[in-house]
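Q: Test case, fold it:
(one chain, ligands or ions: 1)
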Amino acid sequence: MSEQFEFTLKATDGNARLGAIVMPRGEIRTPAFMPVGTAGTVKAMYLDQVRDLGADIILGNTYHLMLRPGAERVARLGGLHSLIRWQYPILTDSGGFQVMSLAALRQIDEKKGVTFKSHIDGSVHHMSPERSIEIQGLLGSDIQMQLDECVRLPAERAEIEKSTDMSLRWAERCRIAFGDQPGKAMFGIVQGGDLPDLRIRSARGLADLDLKGYAVGGLAVGEPQEVMLAMLETTLPELPTTKPRYLMGVGTPDDILKSVARGIDMFDCVMPTRAGRHGLAFTRRGKVNLRNARHAEDLRPLDEESNCPAARDYSRAYLHHLVRANESLAGMLLTWNNLHYYQDLMQGIRAAIAEGRFTDFMAETQESWARGDI
Ligand SMILES: CNc1nc2c(CC[C@H]3O[C@@H](OC)[C@H](O)[C@@H]3OC)c3nc(N)[nH]c(=O)c3cc2[nH]1
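A: Residues are numbered from 1 along each chain as shown. You can find the predicted model right below:
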């Protein structure tokens, strides 16, 4: 395996970027959608299916994996890649976000980091910036995220400023803890809430650390889409064009199109997998809720023109039955359909940027959704 992490910008179309990250475990074509594999599995999917759909990289999550099976245990078992049988790149989040959204009894101390009780068994855990990087190393993560604090919106300026400045200092500690690991990368995470001056301060502070990549955090936390997009327009010009930009937790297909148009290279979101488990299908003609009784005797497939068997070969009537019966196969087929739809969208985005027709592609895609599900 080569010891490199090389991002190449191949083409631009407006602010939309076509690129690739070459790493020892494989190449990541950007704009990329990264399926979420929080606890070492992309729920309801076999990982060779995930790969066949076009995923170049999947996500793992430090918070979940440190609690179960445990970071040291994963290391003793040979690391995440061999344990879950995924030989390609893995990006792991640092755990801060899940601590704030899942754990009980959370305390944040700038020096010590976060102290929290496991939502699984109530055990108490401490995670400093250094420990988060150590855990991600034990997991064998290829792209590691700094420990940060993601401020929920709406929030007071004072709270956002204090948290953003602390996350910036934690980025420096994580960079030191990460050290020099050829072929791996540590990304900083831009915070700043919905305040442009703090977004700029955070982005410039991280840019000064000369990291291998930059995530835009603190978004997709309930703010309106226009606020998210405005923060991208404020933040992205402050980040180096030669490094990948990753918008955390985003998003719907429409979010992705509009964020690519503003210069984002990487996305992750539980939407396609979680929605699939709840009976919701993403299609070229918009979303279809298979729980709805109108599908009960509809023998049409989700999309007769799709090359995904889950979209092409099963009737809506059968999918409706499976969803209503809460059968495992419902989540399996709809997750398969949804991840196929997302990766097909990303492939269409990459081709459109390469051919200088991204604006038309975006408009045609949005019009197709608007025509609705005939
Ligand atoms: C949904 N919106 C959203 N998610 C977010 C996540 C979790 C993504 C992580 O959460 C898991 O998916 C639920 C995935 O494992 C992913 O890993 C990177 C964030 N993580 C960090 N460290 N900092 C942020 O500012 C942040 C913002 C987010 N906004």
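Q: Name the residues of the stretch 251-374 of the chain found near the ligand, please.
A: 268, 270 (C-beta under 6 Å from any ligand atom). (Glycine included, C-beta is placed from N, CA and C.)
Q: Go again with 5 Å.
A: With C-beta under 5 Å from any ligand atom as the criterion, the stretch 251-374 of the chain meets the ligand at residues residue 270.
Q: Can you show me the helices along the stretch 251-374 of the chain?
A: In the stretch 251-374 of the chain, the helices defined using DSSP state H, counting those that start in this stretch lie at 253-260, 271-277, 309-312, 316-324, 328-354, 358-371.
Q: in the longest one, what's buried?
A: Counting neighbours by 16 or more other C-beta atoms under 10 Å, one finds that the buried residues in helix 328-354 are 329-346, 348-350, 352-353.
Q: go on, stretch 15-22?
A: 15, 16, 17, 18, 19, 20, 21.
Q: that older thread, go through the helices of the stretch 251-374 of the chain and name the closest to residue 57.
A: Distance to residue 57, taken as C-beta to C-beta, is lowest for helix 328-354 among these, at 11.7 Å.
Q: Would you mind getting the angle between that closest one and helix 253-260?
A: 30 degrees (axes from the mean of the first three to the mean of the last three C-alpha atoms, to 10 degrees).
Q: I'd like the distance from helix 328-354 to the chain centre, please.
A: In terms of C-alpha atoms, centre = their mean, to the nearest Å, the centre of helix 328-354 is set 14 Å apart from its chain centre.
Q: Could you do stretch 250-270 as well?
A: Remark: stretch 250-270 is offset 9 Å from the chain centroid, using C-alpha atoms, centre = their mean.
Q: ok, the buried residues of stretch 15-22 vs the ligand, which is closest?
A: Using C-beta to the nearest ligand atom, residue 21 comes nearest to the ligand of these, at 15.6 Å.
Q: Relative to the helix or strand hosting the closest one, what are the paired strands and their orientations?
A: Secondary structure assignment for residue 21, by DSSP states H and E: strand 16-23. Take DSSP bridges as the rule and strand 16-23 pairs in its sheet with strand 6-13 (antiparallel), strand 26-30 (antiparallel).
Q: following the shortest one, which helix or strand shows up next?
A: As assigned by DSSP H and E, the chain's next helix or strand after strand 26-30 is strand 32-34.
Q: what's the next secondary structure element after that following strand?
A: helix 47-52.
Q: So which elements touch the helix or strand following that following helix?
A: Once the chain leaves helix 47-52, the next helix or strand it forms, by DSSP H and E, is strand 58-61. When contacts are defined as 3 or more C-beta pairs under 8 Å, 6 or more residues apart in numbering; DSSP states H and E, strand 58-61 packs onto strand 90-93.
Q: how about low-confidence regions in the stretch 101-250 of the chain?
A: Low-confidence segments of the stretch 101-250 of the chain (pLDDT under 70): none present.
Q: near the ligand, which residues of it?
A: Applying C-beta under 5 Å from any ligand atom, we find that the stretch 101-250 of the chain lies next to the ligand at 150, 217, 218, 220, 248, 249.
Q: wait, the second one sits on residue 188?
A: Spelled out, it's residue 217. No. Applying C-beta atoms under 8 Å as the test, residue 217 and residue 188 come out as separate, 9.2 Å apart.
Q: what residues do these two have in common as contacts?
A: Here residue 217 and residue 188 have no joint contacts, going by C-beta atoms under 8 Å, 6 or more residues apart in numbering.
Q: quick one: the strands in the stretch 101-250 of the chain?
A: 104-109, 113-117, 124-127, 143-145, 185-190, 213-216, 245-247 (DSSP state E, counting those that start in this stretch).
Q: Tabulate those (TSV), appending mean neighbour count and distance to residue 49.
A: Shown next, in TSV, are these (neighbours: other C-beta atoms under 10 Å; distance: least, C-beta to C-beta, whole Å):
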stretch	mean neighbour count	distance to residue 49
strand 104-109	12	35
strand 113-117	21	34
strand 124-127	16	33
strand 143-145	28	22
strand 185-190	28	27
strand 213-216	26	27
strand 245-247	27	24
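Q: Format the ones you listed as JSON lines; extra columns: distance to residue 67.
A: As requested, those are exported to JSON lines (distance: least, C-beta to C-beta, whole Å):
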{"stretch": "strand 104-109", "distance to residue 67": "12"}
{"stretch": "strand 113-117", "distance to residue 67": "10"}
{"stretch": "strand 124-127", "distance to residue 67": "7"}
{"stretch": "strand 143-145", "distance to residue 67": "17"}
{"stretch": "strand 185-190", "distance to residue 67": "21"}
{"stretch": "strand 213-216", "distance to residue 67": "23"}
{"stretch": "strand 245-247", "distance to residue 67": "24"}
